[in-house]
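Enquirer: this one's structure only:
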Ligand SMILES: Nc1ncnc2c1ncn2[C@@H]1O[C@H](COP(=O)(O)OP(=O)(O)O)[C@@H](O)[C@H]1O
Ligand SMILES: Cc1ncc(COP(=O)(O)O)c(N)n1
């Protein structure tokens, strides 16, 4: 049996709902072997981010080198990268190891408002990482920052997707969690066609880590050899199940349930 390997380069969330922890749980549920390179340690829970401790560039590079020199990776996800220095180092390592199945989740601000990316690092993200991305997965506010436009309807979202594609990204997924209304649309653009992945909005405050979990599911599927289109569909099912069966823990915005998708599949088998 082949073992498919997925690497996440992201921040640690001590509360376990987002970041590295969400990614590794999701990889495991989708049967990809999970590995990590930590860019920053956050002291975080369902109430918010209490503190951020970035790692040194050398520490980030060393973790990636340990993986590159031995295990290798079939797909790589980036999440919280914090600074331009870390972004540049990560982009260089991706090139050095010739990794191609790259999912860039351009994490900027936690749901509670804490900054997970320094403002001056947005340009580094555009210059160094976007051209390496097989898929980018911004939410609407992140797509607005990256394209320097305001997005208030689906037409503007399509225009933003085209702009991001022009920046060198192969596939763009602009997620719809921050949109309005009962119908929620995640929009996929591959440079030629748009695909609308729709669902009903679930009314819950427990959406901590939805973006990380969605992008991690996408990465696990890409590691196993899926096409981007198939991987996005599975990622959407995964996050839908994880939000529907939320865990109701902590006193703030609780995490999603990373085992719900697998659990449902077993019940339906
Ligand atoms: N209330 C919700 N009901 C159903 N799906 C949701 C909800 N909120 C987010 N999602 C899904 O979770 C994923 C992450 O979406 P979004 O909230 O836009 O990103 P982020 O967590 O990065 O802010 C997307 O696939 C989106 O469709
Ligand atoms: C370490 C870390 N990385 C990413 C997020 C974004 O989480 P969300 O998916 O809730 O926007 C977070 N809160 N913490």
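Expert: That came through fine. No experiment lies behind these values; they were computed from the predicted model shown. Ligands and ions are numbered 1, 2, ... in the order given.
Enquirer: And ligand 1, is stretch 59-79 touching that?
Expert: No. Figure legend: stretch 59-79 not in contact with ligand 1 (Cβ under 6 Å from any ligand atom); closest approach 9.8 Å. (C-beta placed from N, C-alpha, C; glycine too.)
Enquirer: same deal with stretch 160-178?
Expert: Yes. Applying Cβ under 6 Å from any ligand atom, one finds stretch 160-178 in contact with ligand 1 at 175-178.
Enquirer: before we move on, what about stretch 239-251?
Expert: Yes. Stretch 239-251 lies within reach of ligand 1 by Cβ under 6 Å from any ligand atom, at 239, 243.
Enquirer: Check the offset of that stretch from the chain's centre.
Expert: 18 Å (Cα atoms, centre = their mean, to the nearest Å).
Enquirer: In this structure residue 261 contacts residue 29, no?
Expert: Yes. Residue 261 lies in contact with residue 29 (Cβ atoms under 8 Å); the separation is 6.3 Å.
Enquirer: where do the contact lists of those two overlap?
Expert: Any residue near both residue 261 and residue 29 by Cβ atoms under 8 Å, 6 or more residues apart in numbering counts here, and that gives residue 238.
Enquirer: can you list the residues of the stretch 1-150 of the chain near ligand 2?
Expert: Checking the stretch 1-150 of the chain against ligand 2 by Cβ under 6 Å from any ligand atom, the hits are 10-11, 13, 18-19, 42, 44, 79-80, 107, 110-111, 116.
Enquirer: how does it look with 5 Å?
Expert: Taking Cβ under 5 Å from any ligand atom as the contact definition, the stretch 1-150 of the chain meets ligand 2 at 11, 13, 18-19, 42, 80, 107, 110-111.
Enquirer: Can you list phi and psi of residue 46 for me?
Expert: Backbone geometry at residue 46, expressed as degrees, to the nearest 10, gives phi -70, psi -10.
Enquirer: And it, how far from residue 81?
Expert: Look at residue 46 and residue 81: by Cβ to Cβ, to the nearest Å, they are 23 Å apart.
Enquirer: which one of these two has more residues nearby?
Expert: residue 81 (32 against 21; other Cβ atoms under 10 Å).
Enquirer: contacting residues around that one?
Expert: Here residue 81 is in contact with 9-10, 39, 87, 90, 107, 117, 121, 125, 129 (Cβ under 8 Å, 6+ apart).
Enquirer: Of the residues you listed, just say which sits nearest to ligand 2.
Expert: residue 107 (4.6 Å; Cβ to the nearest ligand atom).
Enquirer: roughly how far apart are the closest one and residue 225?
Expert: Residue 107 is 26 Å from residue 225, by Cβ to Cβ.
Enquirer: Comparing those two, which shows the higher neighbour count?
Expert: The neighbour count for residue 107 versus residue 225, taken as other Cβ under 10 Å, is higher for residue 107 (24 against 13).
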